[in-house]
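J.: Following is a predicted model, sequence given first.
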Amino acid sequence: MSDLEEKIKAHLNTAPLADCLTPLFCETLRWGAPRGMTPQPLPRAGPEGRPLTAVPVAQLSGVRVFRVDWGADRPPTVTERRKVHRALAPVYAEHLLCYVTRDDRQAAFVWPRKRHDDKIELRTLPYEVGSPARTTVERLAELAFRLDELGPTGQPPVATVISKLDRAFSVEAVTKQFYQEIANWYFWARDCEEVVLPKDVESAEDRALFLIRLLTRLIFCWFLRKKRSPQSGGGLLPDELFEEQHIRGLLKDASPEAYTYYPAILQNLFFATLNTEMDKPGEPPNRRFVVEGDGRRSDDHMIHTFWRSAHLLHDPEAFARLLRRVPFLNGGLFECLDERVQKGNSAFTEEVRIDGFSNDLEKHPQLPNFLFFGRDWSVDLSGAYGDPSRRRETVHPLLSILRSYNFTLTENTPYDQEVALDPELLGHVFENLLAAYNPETGTVARKATGSFYTPRVVVDWMVDQALLIYLNKALVRVNNATVSHQPDPRLRQLLSWDEVMDEAAPVFTAVETEALIDAIDHLKVLDPACGSGAFPIGMLQKLVHILRRLDPDNRGWRRRQEAAIARIESPPAREQARQAFERAFARDNDDYGRKLYLIENCLYGVDIQPIACQIAKLRFFIALIVDQSIDPHEPNYGILPLPNLETKIVAADTLLGLRPGQLRLDDERVRSFEEDLKQVRHDYFTARRYRDKKALRARDRELCDELAKALAASGHFTPHDTRRIAEWNPYNTNVAASFFDPTWMFGLRSVDAQDAGVFDIVIGNPPYVRQEQLRGLTVTGSDGQPRPLKEALKERYECYTGTADLYVYFFERSLQLLRTGGVLSLITSNKYMRAAYGAKLRTYLAYATHPHAILDFGDAPVFTSIAYPCILVAEKVRHVGYGQLPDPASLDQAGRVEQLLDEPDRAVRVYSWNPGKDVRDLPDAFEGQAHSLAQRDLKPDGWRLEKPVSLRLLDRLRQAGQPLGEYVQGRFYRGILTGLNKAFVVDRATRDRLIAEHPSSAEVLKPFLR
C-alpha cells in the first residue's frame, strides 16, 4: 500500500469510526472544512421509519459530504439508501453520504451519480473495520487532491471533483484490477512446473480447465462467506479454512513447497462437505473420514462423500468439527468428477481421475501451498501474454487476492451499483479467462484488459426489448385490441429499475395483471451460447423484478404453482413437488420461490464449452443463495439445498441439431419413454441426497437404453445417430454433446407440425469466429465418420455461403428454435448487413421476421469480443423450411416485396451509435434518437440505416453524378501498400539476424500466420 492508502486505512480502523471521517476528508484527502453547512434532519428516513440526521463532514466546490449514523448493525439496503437520497437531494443535489452502523463496525460511502438522462444511480463503497480487503481504501485514495489540483482558491472546478468521484466509484476499475490479478495467477499456475495434475488431466486444455474449475469453486466459497446469520453474525463457511494463521494450525506441514492445503482442506470442503448432507441425530454420520482397508482396498474407495487426507492434519477431529458446521448446498458444482467407467463391452471398469480426490499421492493433484498463501512472486508472464514487457509480473497467492477485495452477493443493477465484486463481475472475469484459453480468441483476450463480455447495460436493454414485445402480446390478447407494433407505455414503466416508479406504479387491471403473470408462467427463454450466463441471469433478474411489482405478496404466483402441482398425475411425484414447493416458499421467502420456478421452467442455456455451463450454473446458485436466511436452529441452518441444473444448462453444439423431424415421431413407445424421462429429470432437479441422485441417474440411463432400441426399430435413424441420441448424458459435465435438440434435452415439444420452434425468446451473444477458422474443423456425420464442418453447415442452413462467419448460422438456428411469434434478440457483428456473404441472411430476416429494433455500434469500442457490434431485435413471423427461402435476386422484381411481406411498410426503429457516447446511456439514446425505416428498405443488396432523407439524397447523387470508376476510366492505382509482405514479413533467419544485431527488435517482430 502507498503512504496515502496506509493513512486512509488507519483512519477507517480507528474507533469511533464516526469521529474519523472529518480528519479523513479534510486532512488526508484535502477536502475543505464544512463551513456554512448545518445538520440536515431527515424525517422517517431511517430503519423502521425512524428520523435521521445528515451531519456535515466536508465539502469541496459545492459537493457536500455528510455522515449518517445508521440505527442498525448492518448498512442500509438499496431501498433504504434511495429513501435517504430522496430526502436529502432537494437540499443538496451533489453530495456524498457516509453511513456508519450502530455497532461502529461497518461504513458505506454512497455517491448518487447523476446520469445524462437526469436519473440517479447510487454507487456504494462498503467497508468493514479491520477487513483485509483493500478495495475501499484504494478507491477512496482516488478522492485525494494535490495542492496544485486545488488551485489558488482551494476550490477546483466542480467537474474535476465529479471526475474524481467517478473514478473512485468505478465498478469497472475494480473488475479490471481483479481480473488482472486472477489472470496473472491463472497463467502462473498453468505453467508452474511444481503443479502436477491427475492422470486424466492430460492436455493443455484439460490443465486450463482444471484451474478454471478450481477458481470457480473457490470464488463461489468466497461469496458464501458473505452470507451471515443475523443472530450470530457467523458465516456459512468457517473463516479458519481461508485465513493463513489458522491454516498453519490445521496442517501438519504448511510450508510453501508442501502439497497439503488443496487436498486436506479444499478438496474435503468441496466434495465431501458442501456436496454431502449434514449429519442427522440418531442416524449414521454422513460426514466422516474414509475407513482405510487393512492391506486391501477400502470399502469407501471412490465414494466421494467421505473426507480424505486425515494424515495431513494436526487434529482431524478438530477439523471435522469445523466442517460439520457447513451446510449442505447440493447443485452439482461440488460433485467430484472422478468416476469408474466401463472398458468397452467388457465387465471391467477403470478409474477416471479428473479431480483426483484420493488418499493416494499418485492420484491426487499436487498443488503447492505457495499458490494459495505466503509471499508474492515475481514471474515471467511474457509468453502467456505475448508481451515482452511482462517479464516481471507480481503474482499474489490466490487467498491473498481474494482477501483483498470486497465481495457482495447482491447483483448490481444499472441504477444501484456496489463498488465490489458482485456475481455478474465474477461472470465477466470468467468470460475473459475462457476467452484466454479458447484457441479462437486466446491471443486477443490475453492482450485485452477485461472486455470479453457483454456490458451489463447492453444485456439489460436487450432483455427489455424482447420482453416488451412478448408481454405486449399478452395485453393485446386479453384486451382484444388491435395488434400494435409499439408496446404499451405502461410496460416500459413496469420494466424500469427506477424505484421512484414504485410509488406510482403502472396501473394494470386485475385481468391484465393475471394475463402478464400467465405470460411469464409459460415463458421459455434460450441463450444459444450462454457463456458465463449473463443473459439468463439478466432475464431472471428482470422477471423477478416484474413479478415483484405485479404480485408483491406472491399470491398469484403461488396460486399458479399450486395449480400446476395439482395437475401432476403420479401421487408420489405430486407429493414430492408439493414438499419442494413448501420449502421454496417457506419463511416468506418470496423471491427464492419466484427464482426457483423461473430457473426450472422458463430459462435455458446451451454452450459448447462445459466449463462455461458450470459458471452459468454458479451464477444461478448465487442468485438463489442471496435470498435465503441463515438460522442455526433450523435443519441445514435453514439453507435450502440448491437445485441440480444439469438439464437446464447443457453443454452441446447448438448449431448441429438433429435432422428436421428426427425426434418428432408419433410412435407411442417413443412418446412414453420421453414422458418418463421428463419426469425423471424433473425429479432430479430437486433431488438432494446423493443416493437419490444416483438412483435417478441410473433410471435415466435405463430409459435412454430402452429409447435407443425404440428409435432403432423405427427405421428413421442411422445406428450412429441412435447411439449419440441415447448416449447423451446430461450428468457428465466434462463433455459437450455433438448435437442440440430441445425436445430431447429439455423435454420441450413443438405443438406445430410445420414449425419445430419451442422458445418464446432466444437471446444472446453468439461467438464471433471468422470463416477462415472454420476451414480445418470437422464434425462427426450421421454415419459416424468425420466430415468438414462447413459441409455439415451447408446441408442444414439456408443462409450458408462459403465465406460466412459463424454467427450467421446462429441467426438461422435461433429462428429455427423460436416458435412463430417468438422474439429474437442477438448481438453480433454488423458485417452481415453489407457483406456479400450476408445476402441470404438479409433475405431470410426480411422474409421470416419483423425487425423491431436495430442498434449499430459500428466501430465504437464497446467490447473486444465482436468486431463492429450490432443488436437486432426481431419477431419471427413465419417458419422457413429448408429450400423455402426466396432467391435474394428475386426481391428486385416489381411487386415481389409486396407479395412476400405481409406488411412491407412496417416500421423498424434503427439507431447508429455515436462512438463518443457512454454505453451506459444506451437506453435513452435509442429512445430519444432512433428513427424509423420501412421494412421494405432493408434490401437484400445491403441494409443502409441512414435516415430516409439521407437515403433519398444518396439516390439523387447516384442518378446525377458519375461514379469514380467511370471518371478515371478504370485506372485505379494501389497507393500506399500497408500490407506489402516484401517490406513487413521476414523469414526466421532474417528475424534471428535482426534480433542479434539489435535485441530491441524482439519487441516488434511477431509471429505471423497467413
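T.: Happy to help now that I have it. Numbering: from 1, shown residues only.
J.: contacts and neighbour counts: CA atoms only from here.
T.: Fine.
J.: Grab the nearest non-local neighbour of Phe620.
T.: Counting by C-alpha to C-alpha, 6 or more residues apart in numbering, the nearest residue to Phe620 once its immediate chain neighbours are dropped is Ile537, at 6.9 Å.
J.: is it true that that neighbour touches Ile622?
T.: No: if you go by C-alpha atoms under 8 Å, Ile537 and Ile622 don't touch, sitting 10.4 Å apart.
J.: of the two, who's got more company?
T.: Neighbours were tallied for Ile537 and for Ile622 using other C-alpha atoms under 10 Å; the higher tally belongs to Ile537 (23 against 19).
J.: ok, back up a step: can you show me the CA trace of the helix or strand encompassing the residue nearest to Phe620 as CSV?
T.: Counting by DSSP states H and E, the secondary-structure element that holds Ile537 is helix 534-550. Output in CSV follows, covering the C-alpha atoms of helix 534-550 (Å, rounded to 0.1, in the frame of the first residue of the first chain):
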residue,chain,number,x,y,z
ALA,A,534,-25.1,-13.0,-18.4
PHE,A,535,-28.3,-13.2,-20.4
PRO,A,536,-30.1,-15.9,-18.5
ILE,A,537,-29.3,-14.1,-15.2
GLY,A,538,-30.3,-10.8,-16.7
MET,A,539,-33.6,-12.3,-17.7
LEU,A,540,-34.0,-13.9,-14.3
GLN,A,541,-33.4,-10.5,-12.5
LYS,A,542,-35.9,-8.7,-14.7
LEU,A,543,-38.6,-11.4,-14.5
VAL,A,544,-38.3,-11.4,-10.6
HIS,A,545,-38.5,-7.6,-10.7
ILE,A,546,-41.7,-7.7,-12.8
LEU,A,547,-43.3,-10.3,-10.6
ARG,A,548,-42.4,-8.3,-7.5
ARG,A,549,-44.3,-5.3,-8.9
LEU,A,550,-47.2,-7.2,-10.4
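J.: The very next helix or strand once past that helix: how far from the chain's middle?
T.: Tracing the chain past helix 534-550, the next element assigned as helix or strand by DSSP H and E is helix 555-566. Average the C-alpha atoms of helix 555-566, do the same for its chain, and the two points are 29 Å apart (C-alpha atoms, centre = their mean, to the nearest Å).
J.: what's the helix or strand following helix 555-566 in contact with?
T.: Scanning forward in sequence from helix 555-566 by DSSP H and E, the next helix or strand is helix 571-584. When contacts are taken as C-alpha atoms under 8 Å, 6 or more residues apart in numbering, the neighbours of helix 571-584 outside the stretch itself are Gln561, Glu562, Ile565, Ala566, Ile568, Tyr592, Gly593, Leu596, Leu640, Asp683, Thr686.
J.: Any buried residues in helix 571-584, and which?
T.: Of the residues in helix 571-584, those scored as buried under the neighbour-count criterion (16 or more other C-alpha atoms under 10 Å) are Ala573, Arg574, Ala577, Arg578, Ala580, Phe581, Arg583, Ala584.
J.: so can I have a markdown table of those showing distance to Cys704?
T.: A markdown table is the format used below for the buried residues of helix 571-584 (distance: C-alpha to C-alpha, whole Å):
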| residue | distance to Cys704 |
| --- | --- |
| Ala573 | 20 |
| Arg574 | 24 |
| Ala577 | 24 |
| Arg578 | 27 |
| Ala580 | 26 |
| Phe581 | 28 |
| Arg583 | 31 |
| Ala584 | 31 |
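J.: and the spatially closest residue to Gly130 that is not a sequence neighbour, what pLDDT?
T.: Residue nearest to Gly130 in three dimensions, not counting chain neighbours: Asn13, with 6.1 Å by C-alpha to C-alpha, 6+ apart. Reading off the per-residue confidence, Asn13 sits at a pLDDT of 92.
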